[in-house]
Every structure is written in C-alpha cells, then in structure tokens.
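**Q** got a sequence here, can you build the structure:
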Amino acid sequence: MHGTIFTLLKRYVQTQYDHSTWIRLLEVSGLTAADFDHKHVYPDEHMYRLVGEAATMTGLSADELHEKFGEYLVPDLMYMYQRLLQPEWTTLDMLEHTESTMHRQVRQEHTENAPPVLHVTRVSADELFIDYVSKRRMGGLAVGIVRGVAKYYDEADQISVEPTTSENGEQVRIRVRRTKPQ
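**A** The predicted structure is shown next:
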C-alpha cells in the first residue's frame, strides 16, 4: 500500500483522537513512526495490523474503521487528482470514471502500487454498481470513499450507498443510487 495512505491514516488518527493515540497504535502494532514515507509502498500487512489494533482500541469493527477512514481520505484524493476531474461531474459520474482516470494514473505513476480494480456498471442516470476486486479485502474502505465522494459533491443527502455483499471479501458489490432528483 502506498505510503500516502499511511500518512493520511496518521493524520486521521491524530485528528479523530490525538497524537498519543497514534504513537500507542504504532507500538501495539509493532511499527515505528519512521516506518512510513509518502514516497514508498509498504506491505499491506502494516495496514492490517494498524486497523486491527485500532479496532481493539476503539471497540469498532475493522470494516467500520475502514469506512470512516475512506470518507476521511476523499478531500485529499480529490485534491491530488483534481486535474483528472471534469467540472460537470456528479457523484455517479466521478465513480463511473474512477477506474479509467485516477486508478489508471496511479498504476502508470507507481507501477509497484496496485489500487483495487473497480468494475462500474451504470444501470441508469441515477444508479450504478461498483464491483470492487482486491486481495486486500478492504471493501469497507471503498464504501467509505464512495460516501466521501457523495459528500465532496455535496450530494450525501441524495445518494444511497449500499454494499450488497460482505465488505471484507475479495469481491464486493456496492450499489450507489440517487434517491432524490438533482
């Protein structure tokens, strides 16, 4: 997993809790603050350990934490890839084009990085399905990112995000639909 995600995880923990919580989380995970640099890719196992320990510390499930963190990531991700976004896009448009824009760019710039594969099927102007495919089994993160994208586009009250399969599988199906007209 790319170091930028770990850097953002650190900031998430520090803003939602505090810096000492981040230090404790690293300690119980057997990692150090020096382990993460935004220019490198790290073993997925580091993220599993951090989220697992965070779940123990907070009493939340790993899926819940992934979702919350996914929502938190969106403003930074949108800033990093703003040159790829079209001004007329809505939440559903952005999600429909994520694989062919942002994920394609990540794969070209960082060949060692492997974002999940998203197969998006636009069912209608107001509905699509995202089939998330990744051995990382972090569908909760994808669900959180989808919710964060709806917030980013100021459509959170109009968009329903519904995982239709288990969020911790290698293949997760997410139904996204507009519940109120634009």
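
**Q** buried residues in the longest helix anywhere in the chain?
**A** Counting by DSSP state H, the longest helix found in the chain is helix 62-80. Buried residues in helix 62-80, defined by neighbour count with 16 or more other CB atoms under 10 Å: 62-63, 65-74, 77-78. The C-beta positions use only the backbone N, C-alpha and C, and glycine is treated the same way.

**Q** ditto for stretch 96-111
**A** 96, 97, 98, 99, 101, 102, 103, 106.

**Q** helices - which of the residues you listed land there?
**A** Per DSSP H, the subset of the buried residues of stretch 96-111 in helices is 96, 97, 106.

**Q** quick check, nearest of these to residue 163?
**A** Closest approach between these and residue 163, by CB to CB: residue 96, at 18.0 Å.

**Q** for that closest one, give its distance to residue 151.
**A** Between residue 96 and residue 151 the computed distance is 18 Å (CB to CB, to the nearest Å).

**Q** cool, residue 53 as well?
**A** Applying CB to CB to residue 53 and residue 151 gives a distance of 27 Å.

**Q** more crowded one of those two?
**A** residue 53 (18 against 15; other CB atoms under 10 Å).

**Q** got the contact list for that one?
**A** 25, 28, 29 (CB atoms under 8 Å, 6 or more residues apart in numbering).
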